[in-house]
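Colleague: I would like to see how this sequence folds:
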Amino acid sequence: MKKTVFLIALCLASLLGCFATMLHASIMTTKHNLSTSGPGPVKATGEQRVCVFCHTPHNAIAPTEGVSVPIWNHSLSIAQYTLYESPTLLSPTSPTIRPDGASRLCLSCHDGTVGIGAVVNTGITQNTISMLGTGANGVLPTGASNLGTDLSGHHPVSIEVNNSLINDKGTQCTNNLVSWRVCLPLPGTLVKLSRTRNRYGSQSTGMGVQCTSCHDAHDDRSPGTSLFLRVGDKNNIDSLCMSCHQDCSQECPK
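Modeller: As a prediction, this is how the structure comes out:
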C-alpha cells in the first residue's frame, strides 16, 4: 500500500514538473520573460530567473481586495482608476468599485505606477530587481503596454457575468438600446471568466470578466504582437469578442 501511494505521489510530482516546464517554455520567448534572457527591451540587468517577477513559493503577498493570489510576488498598485462608463452599461462602476482579482495583478505592472522590478521576495535582502529599458522610477515605458490609470477607453473589467446580467442585456436588446447581447463563454473556449468580488443582480456567481478573460500572460499565441490574446490576433479580434457577445438577432449559444 505504501509503495502504491509513493508511486502515485511520484507520478503527480512528475506531471506537475512537466506542466511547470511547459509553462516556463511558453513564456520564454515573450516580453513577459523579464529576465536577462528576455527578448523584449525591458529586462533585468542580472536576474536570470523568469518566474520571480510575478511569483514566489515563499513569503508571497497575502490575499487582499479580491485578489486570488497565485503565490504572487510583485508589489500591488494602490492607484485609483477612471473606469469604463456607458449609458447602457449595467454593471456598477464608481470610485468604490476597483479592479480586483486577476486584473489587479496585471495592473501592478501595467498601470505604470509600480516599478517592474518591485517584488516582495527575491530570496535575498534586496527586494528590487534592477532593470533595463524602463521609464522613470523603473515603471513600464510610455507606450501601449503602459495603460495608465484611465481605463475608460478599455473593456470593463472586474464585472460579474451571470444570468441576471445576461437577462437584463437581453431586455436592452428587446428595447433596441443595444445591438449586442452578453453571453457566457462556451465550455471549452479559451476565453474564460475569473473570480471577482464585485457583484451584479440576484444570481451571483462571483465570476466575471478580468484581464485574463481575454489575455493569457504566459502564452502569446500571436507571435510578435505582444497582445497575449486567447483567441484571434490584432488584425482580427472578431472571434475573441464573439466568444461572449452575440448580435441581438441571435440567442446565446447553449
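
Colleague: next SSE downstream of whichever strand or helix holds residue 167?
Modeller: Under the criterion of DSSP states H and E, residue 167 resides in helix 163-174. The C-terminal neighbour of helix 163-174 among helices and strands, as given by DSSP H and E, is strand 180-182.

Colleague: in that following strand, which residues are buried?
Modeller: 180-182 (16 or more other Cβ atoms under 10 Å). (Glycine included, C-beta is placed from N, CA and C.)

Colleague: parallel or antiparallel, which strands does the helix or strand just after that strand pair with?
Modeller: Toward the C-terminal end, the helix or strand that comes next after strand 180-182 (DSSP H and E) is strand 194-195. Using DSSP bridges, strand 194-195 pairs in its sheet with strand 207-209 (antiparallel).

Colleague: strands of the stretch 51-200 of the chain, start to end?
Modeller: All strands of the stretch 51-200 of the chain, identified by DSSP state E, counting those that start in this stretch, fall at 131-132, 159-160, 180-182, 194-195.

Colleague: just give me the neighbour total for residue 87.
Modeller: Residue 87: 6 surrounding residues under other Cβ atoms under 10 Å.

Colleague: quick check on it: phi, psi?
Modeller: phi -60, psi -20 (degrees, to the nearest 10).

Colleague: so what's the residue count around the closest residue to residue 201 other than its chain neighbours?
Modeller: Distances taken as Cβ to Cβ, 6 or more residues apart in numbering put residue 164 closest to residue 201, at 2.5 Å, once the chain neighbours are dropped. Here the number of neighbours of residue 164 (other Cβ under 10 Å) works out to 17.

Colleague: with mean pLDDT and distance to residue 47 added, can I get the strands of the stretch 51-200 of the chain in TSV?
Modeller: Below are those laid out as TSV (pLDDT from 0 to 100; distance: least, Cβ to Cβ, whole Å):
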stretch	mean pLDDT	distance to residue 47
strand 131-132	97	9
strand 159-160	93	36
strand 180-182	96	42
strand 194-195	92	28
